[in-house]
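Engineer: give me a 3D structure for the following:
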Amino acid sequence: MRWLKFTVAGVTSWGIVEGDRVIAVGGDPFGEWQRTQQTHALRDVKIELPLVPRTFYCVGLNYLKHLKEAADKAGTVPNVPDRPEIGYRAQNALIAHDEDVVIPANATEKIHYEGELVVVIGKKAKHLSESDAMSCVFGYTIGNDVSERTWQKADRGLWRSKNADTFKPMGPWIETDVDLDKMETIVKVNGKETGRFRTNDMIFGIVPFIVELTKYFTLWPGDVIWMGTDGASPDLKAGDVVEIEITGIGTLRNRFVKEAPVRS
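Structural biologist: Reported below is the predicted structural model:
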């Protein structure tokens, strides 16, 4: 099932995508819900963020090729993690499908994308084992982890390089029925393919991360876990359009624009 948060005629609600139609739903997918008689053409609705997570978890350096490329650029030997490593991102950075990523006026030219599978948690969970870790997963969406690499190197934390306003596009919807082993992530910039990798070809998969997380934290419905990326990004510029397709889910598309200079 494909769950969409959408706005039409000034009203925002949940819906189910079936083909090129959206069936409006009363309630929400994390509780009680029912189909209504109201339907819309998908092209006629404004696609909103699928959700705003209570907690926004993220995974770094979870694909070998990406790890090697990062090490090569730094002139170091790849340091493959021996356990799941987890971080956080900021809610203020989230934007929806077809909304613009704003490159800050004082950013350098080192603006990069990272196409990521996003795991959406569907129920409260703590102390899960490997055998029941997936029981808390509701579905999956797509994320674009935008980074300003010069800031990433300059700052001890990732407070601005990863979390500037609009730096975390997510969407377009939540897909509940996928085959992880068959999925590919395909990235295009201005219609030209710039990267492709097997989505589930991770150093640590979804299960180890959920097991590790729930040792210490309670997962709640609507929490998300961004699972990392493979490959490398070209330098992006204003006017570029990045499309991240994950087969079985859909395509997340966002245009990059430059912020106007700030006048003092």
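Engineer: so where is the stretch 151-264 of the chain shaky, pLDDT-wise?
Structural biologist: Scanning the stretch 151-264 of the chain with the threshold set as pLDDT under 70 gives 264.
Engineer: all helices for it, in order.
Structural biologist: Remark: helices assigned in the stretch 151-264 of the chain by DSSP state H, counting those that start in this stretch are 206-216.
Engineer: which residues in it form strands?
Structural biologist: Secondary structure of the stretch 151-264 of the chain (DSSP state E, counting those that start in this stretch): strands at 168-175, 184-189, 192-198, 224-226, 241-246, 250-258.
Engineer: columns distance to Val22 and mean neighbour count on top of the ones you listed, output as JSON lines?
Structural biologist: (C-beta placed from N, C-alpha, C; glycine too.) As requested, the strands of the stretch 151-264 of the chain are arranged in JSON lines below (distance: least, Cβ to Cβ, whole Å; neighbours: other Cβ atoms under 10 Å):
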{"stretch": "strand 168-175", "distance to Val22": "10", "mean neighbour count": "26"}
{"stretch": "strand 184-189", "distance to Val22": "24", "mean neighbour count": "19"}
{"stretch": "strand 192-198", "distance to Val22": "29", "mean neighbour count": "15"}
{"stretch": "strand 224-226", "distance to Val22": "22", "mean neighbour count": "25"}
{"stretch": "strand 241-246", "distance to Val22": "20", "mean neighbour count": "22"}
{"stretch": "strand 250-258", "distance to Val22": "13", "mean neighbour count": "18"}
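Engineer: so which of those strands comes closest to Ala90?
Structural biologist: Closest of these to Ala90 is strand 168-175, at 7.8 Å (criterion: Cβ to Cβ).
Engineer: tilt between that closest one and strand 250-258?
Structural biologist: With axes from the mean of the first three to the mean of the last three Cα atoms, to 10 degrees defining the directions, strand 168-175 sits at 160 degrees from strand 250-258.
Engineer: and strand 168-175 with strand 241-246, angle?
Structural biologist: 40 degrees.
Engineer: who are the packing partners of strand 168-175?
Structural biologist: strand 2-8, strand 46-47, strand 94-95, strand 137-144, strand 250-258 (3 or more Cβ pairs under 8 Å, 6 or more residues apart in numbering; DSSP states H and E).
Engineer: what mean pLDDT does the second one have?
Structural biologist: Along strand 46-47, the predicted local confidence has a mean pLDDT of 98.
Engineer: mind giving me the packing neighbours of the next helix or strand after that strand?
Structural biologist: Following strand 46-47 in sequence order, the next helix or strand is strand 56-59 (DSSP states H and E). Judged by 3+ Cβ pairs under 8 Å, 6+ apart, strand 56-59 is in contact with strand 86-88, helix 206-216, strand 224-226.
Engineer: would you mind finding the most buried of these?
Structural biologist: With neighbours taken as mean count of other Cβ atoms under 10 Å, these reach their highest mean count in strand 224-226, at a mean of 25.
Engineer: for that one, packing partners?
Structural biologist: Checking 3+ Cβ pairs under 8 Å, 6+ apart, strand 224-226 ends up next to strand 56-59, strand 115-121, strand 137-144, helix 206-216.
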